[in-house]
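Undergrad: sequence first, predicted coordinates after that:
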Amino acid sequence: MTLVEDIRKDIKTCTMDKKEIVDKQDQRSFDKTGPDGLHPCIFKEATGEMEKYKTLVAVYPFHLFVNQTHQQDHLSEKMGWPVTVQIEAICYPILALIGVPANLMTIVILSRGKCGLSKCITRYLVAMATADLLVMIFDVILYAINDIYFPYSFLNYTCVCRINLSLIYFVIDCSVWLTVTFTLDRFVAICCRNLRTKYCTEKTAALVIVTVCGLSFLENLPIYFMFEPSEIIDNTSWFCNVQSNFYTSPAWIAYLWLDSILTPFAPFVLIFLLNALTIRHILAANIIRRGLQGNNGENQNDPEMRNRRKSIILLLAISGNFVLLWMLTLMYYMCVQIADSQFLQTDYTDSFTSMEKAGYLLQRFSSCSNTIIYAVAQTKFREELMNTVKSPFTLIIKLMKH
């Protein structure tokens, strides 16, 4: 057992009466006490060990000493991580390296308005990309990666952790419900001819986006109060655990049901329903159009048919991406509601915990996959993407020539 591990074990297992722990000429006494007025006992009476402990504690205040030893020992513990955590440690940095630039480029390219999309569609897609970018920042970088690689950074103070978790739930809800509103917009544009001119406008899209973000913010305000400190070191609260009464308090149970219905149950139902109605309408319209034309050979060059095909491909790709990558999270939410399971557990031998971690990984991946969908489904977006990637190199070559 290493010295650091030995100290950490002693911190957890023994206490001693409050006393001076270093010589008077280098006095750095502990002014902080525990709930019983006692201090962690970090001494060992064995010969040769006392001076090591005195030296370490004399140099560092207690909470800084514990934090630094955790940081130094963290890399040596990686090989002992559960398989799930090791997978997360590899996947999340890669996800951040891909997701942040991808969403930034999507926002820039779509904002130029050169992809052949209407202003209404562009508004929704830019809003979705912005929400996905925020998911990458708050959820993947500041939460997942920080929790794995920097477990005792200031981001893990309970007060900071609460704010970050509240923002995570907020941006995730925005991302989910913006996908729903985009699906609704395409349903109205394709299936509701009379309502199309009034609803499918840039102004209406902006109003819908602001409304979704505002309601998502209000709905996630209680999240801040849902968590309590996981550890208290030197009177400093660390990390966030779900409150012990969260699954027994009637108010929190009601909130959990409401939150689960709003995300992800309702979006799943609405997306399935709207897509089914949209596909049925397109198939019926195509049959009628073929009958009127009376010549199957003309269908291949029919611009209306091509536009409908592109619309349905884009719609189904975005909606299907959401459904597939959120499916595991939906299943876990159902398990929490009907089984004796809880969120944010750390028992990696439990199948429910593994399901939750895998679901969150897929859910986070959905926040960077839309760029791939646009690149595959939209020729003009793909061209603009290539031009954006090439532009720095083109500029460098021009400067070198001059």
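TA: Here it is on my side, so go on.

Undergrad: show the contacting residues for the residue most central in space within the chain.
TA: With distances taken as CA atoms, centre = their mean, Asp139 lies nearest the centre of the chain, 3.5 Å away. By CB atoms under 8 Å, 6 or more residues apart in numbering, the contact set of Asp139 is 168, 171-172, 364, 367. Glycine gets a C-beta too; all of them are placed from N, C-alpha and C.

Undergrad: equivalent analysis for Gln337, please.
TA: With CB under 8 Å, 6+ apart as the criterion, the residues that contact Gln337 are 256-257, 260.

Undergrad: could you do Met136 as well?
TA: Contacts of Met136 (CB under 8 Å, 6+ apart): 95-96, 99-100, 103, 364, 367-368.

Undergrad: any idea which of those residues is closest to Asn156?
TA: Among these, Ala96 lies closest to Asn156 (CB to CB), at 18.0 Å.

Undergrad: the nearest residue to Cys191 once chain neighbours are set aside sits in which helix or strand?
TA: Using CB to CB, 6 or more residues apart in numbering and skipping the chain neighbours, the partner closest in space to Cys191 is His281 (4.4 Å). Assigned by DSSP states H and E, His281 belongs to helix 266-293.

Undergrad: swap in Ser237?
TA: strand 236-242.

Undergrad: state the next helix or strand along the chain beyond the helix or strand hosting Tyr360.
TA: Here Tyr360 sits within helix 351-365, counting by DSSP H and E. Using DSSP H and E, the helix or strand that follows helix 351-365 towards the C-terminus is helix 370-377.

Undergrad: okay, now the unreliable bits of the chain?
TA: Low-confidence regions of the chain, defined by pLDDT under 70, span residues 1-80, 293-302, 304, 340-348, 402.

Undergrad: outline the domain layout of it.
TA: Here the domain parsing of the chain from automatic domain parsing is 3-75, 82-401.

Undergrad: winner for burial among those domains?
TA: domain 82-401 (a mean of 17; mean count of other CB atoms under 10 Å).

Undergrad: mind checking how far the closest residue to Thr329 other than its chain neighbours is from Tyr332?
TA: Closest residue to Thr329 apart from its sequence neighbours, by CB to CB, 6+ apart: Gly359 at 3.9 Å. Separation of Gly359 from Tyr332 (CB to CB, to the nearest Å): 5 Å.

Undergrad: Ile232 against Asn241, yeah?
TA: No - at 11.6 Å, Ile232 and Asn241 do not qualify as touching, with contact defined as CB atoms under 8 Å.

Undergrad: and which of the contacts of Met136 is nearest Ser111?
TA: Nearest member of those to Ser111, counting by CB to CB, is Asn103, at 12.3 Å.

Undergrad: grab the nearest non-local neighbour of the closest one.
TA: Asn103 sits nearest to Leu133 (CB to CB, 6+ apart), 3.9 Å away.

Undergrad: the one you found is in what secondary structure piece?
TA: Going by DSSP H and E, Leu133 is part of helix 119-135.

Undergrad: Ala127 reaches Ile209, doesn't it?
TA: Yes - using CB under 8 Å, Ala127 is in contact with Ile209, at 4.7 Å.

Undergrad: show me whatever sits in contact with both of these two.
TA: In contact with both Ala127 and Ile209: Leu178, using CB under 8 Å, 6+ apart.

Undergrad: measure Gln86 to Cys115 for me?
TA: Between Gln86 and Cys115 the distance, using CB to CB, works out to 40 Å.

Undergrad: how far away from the center of its chain is stretch 372-381?
TA: 24 Å (CA atoms, centre = their mean, to the nearest Å).
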